[in-house]
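> output the structure for:
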Amino acid sequence: MSFSSFRYLIREGFRNIWQNRLMSLASIGVLISCLLITSFSYLVFENMNHMFSWVNRQNIAVAFAKEGCTDEQLQVVLDKIKGITNVADVEFISKEQAFEKYKDSIPEELREELQGENNPYLDSYIIEFSDLSKFEDSLNQIKQIPEIDSTVYDADIAKSLSNVRHIVLMVGGWVIVLLLLVSLFIIANTIKLTVYNRRLEISIMKSVGATNTFIKVPFIIEGIVLGIISALISFGLIYLIYSNLFRMFDIGFFGGLLAFSKVWSSVLLGCVAIGIGTGVAGSAISIRKYLKVEGGISGVI
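Residues are numbered from 1 along each chain as shown. Alright, predicted model coming up:
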């Protein structure tokens, strides 16, 4: 294909958009809605993962050693805990260190009495886990160590986040699929209207030997342009909305919101890929069906 022919086909694609601008605007509007919901579903999911990472660093367990353990036994317990695969870090806190750390919370008149042999605190181990999904299994291994008396932990936050992430993924997935189908339908009908308006021209081109590919290209270009326009507008709206949300809600809770600078490339790439893909698919479906059913000059005579 020569450069002049390619330039002609591109020009025809833009002419199609202008001639059917109302339907083109409808296509862009629906596709923007789809891309916004898709992108924000992705951002919610990424923020859920960000929160999980924060919880993995913050959600710890404390294991208390039985009273009367010797220094050698306490060291053996420490080595056993370190040997558990899912343990990322473990810190030993002796009963004396615990007393010094929390003595300010003890009434002054009792401090002297509780020192030494009357120390109410137990030797303990502060344990951080690598994978929160294996939290229960790892904790059970720690509980089986004979010298461990009890454990204190709170995995409710992690379980709640896991349930919310699952719901967001399910609901968001179905909404995205539905909107993609609606976008595909409207773009296909936009292209179908363009094809119908140019049916005589297409039939004449077919009669003089134009290939199906030559006829299809302007409509494919139309779909690509609609997809790119929708993607760029969607990305701009996402940036403005998310930036304002980041400033409003970045308060450090659960690690705060994920900075847009860490996900902008994925959002932009996703918007462009979905926009172009939907535009091309809608165009291909419409023109292929027309050429197959009414491709000849007889279709308009």
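
> contact partners for the nearest residue to residue 284 once chain neighbours are set aside?
Spatially, and ignoring its direct neighbours in sequence, residue 284 is nearest to residue 220 (6.7 Å; C-beta to C-beta, 6 or more residues apart in numbering). C-beta here means a position set from N, CA and C on the backbone, and glycine is covered the same way. Listed by C-beta atoms under 8 Å, 6 or more residues apart in numbering, the contact set of residue 220 reads 13, 280, 283, 284, 287.

> so which residues of the chain form helices?
Secondary structure of the chain (DSSP state H): helices located at 3-19, 21-58, 71-82, 95-102, 108-114, 135-143, 156-197, 199-207, 212-249, 264-294.

> so what are the domain limits for this structure?
3-54+159-299, 60-153 (automatic domain parsing).

> most tightly packed of the ones you listed?
domain 3-54+159-299 (a mean of 17; mean count of other C-beta atoms under 10 Å).

> any idea how far that domain is from the middle of the chain?
What separates the centre of domain 3-54+159-299 from the centre of its chain is 18 Å, taken as C-alpha atoms, centre = their mean, to the nearest Å.

> poorly predicted segments of the stretch 151-300 of the chain, please.
Along the stretch 151-300 of the chain, the model assigns pLDDT under 70 to residues 154-165, 168-169, 172, 183, 187-188, 190-191, 193-201, 249-256, 289-300.

> try 50
Counting by pLDDT under 50, the ranges of the stretch 151-300 of the chain that qualify are 253, 296-300.

> related to what we said a few turns ago, I'd like to know which of the contacts of residue 220 is nearest to residue 98.
For those, the residue nearest residue 98 by C-beta to C-beta is residue 280; the value is 65.5 Å.

> let me see the contact set for that closest one.
If you count contacts by C-beta under 8 Å, 6+ apart, residue 280 has them with 220, 223, 224, 227.

> just residue 258 next, same as before
Counting by C-beta under 8 Å, 6+ apart, residue 258 touches 43, 46, 47, 50.

> biggest separation within the residues you listed, which pair?
For the contacts of residue 258, the farthest-apart pair by C-beta to C-beta is 43 and 50; their separation is 10.1 Å.

> give me the local confidence score for residue 56.
Looking at residue 56, its pLDDT is 60.

> now do the end-to-end distance for stretch 64-74.
The first and final residues of stretch 64-74 sit 10 Å from each other (C-alpha to C-alpha, to the nearest Å).

> who's in contact with that stretch?
Contact with stretch 64-74 is made by 77, 92, 122, 123, 124, 125, 147, 148, 149, 150, 151, 152, as judged by C-beta under 8 Å, 6+ apart.

> specify the beta-bridge partners of the last one.
With DSSP bridges applied, residue 152 shows beta-bridge pairing to residue 62.

> begin at 22, not 1, for the rest of this chat.
Renumbered: residue one is now 22, and that last one reads residue 173.

> do you know how far it is from residue 116?
With distances taken as C-beta to C-beta, to the nearest Å, residue 173 is found 16 Å from residue 116.

> likewise for residue 227?
Distance of residue 227 to residue 116, computed by C-beta to C-beta: 91 Å.

> ok, residue 288 next?
Taking C-beta to C-beta, one finds residue 288 at 52 Å from residue 116.

> ok, the contacts of residue 241 vs residue 236, which is closest?
residue 308 (7.1 Å).

> returning to what we had before: now distance to residue 213 too, for the contacts of stretch 85-95, in CSV please.
Output for the contacts of stretch 85-95, formatted as CSV (distance: C-beta to C-beta, whole Å):
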residue, distance to residue 213
98, 73
113, 73
143, 76
144, 77
145, 71
146, 69
168, 76
169, 71
170, 74
171, 71
172, 66
173, 66
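
> inside strands: which ones of the residues you listed?
If you go by DSSP state E, these have 113, 145, 146, 169, 170, 171, 172, 173 in strands.

> the last one: what's it in contact with?
Residue 173 is in contact with 82, 83, 85, counting by C-beta under 8 Å, 6+ apart.

> among the contacts of residue 241, which one lies nearest to residue 108?
Proximity of those to residue 108 (C-beta to C-beta) peaks at residue 301, which lies at 50.5 Å.

> what's the distance between that closest one and residue 46?
Distance, residue 301 to residue 46, by C-beta to C-beta: 19 Å.

> and if you look at residue 257?
17 Å.

> cool, and residue 66?
For residue 66, the distance to residue 46 (C-beta to C-beta) stands at 30 Å.

> do residue 247 as well
Applying C-beta to C-beta, the value for residue 247 to residue 46 is 10 Å.

> same check, this time on residue 173
Plainly put, residue 173 is 60 Å away from residue 46 if you go by C-beta to C-beta.

> residue 165 too?
Separation of residue 165 from residue 46 (C-beta to C-beta): 66 Å.
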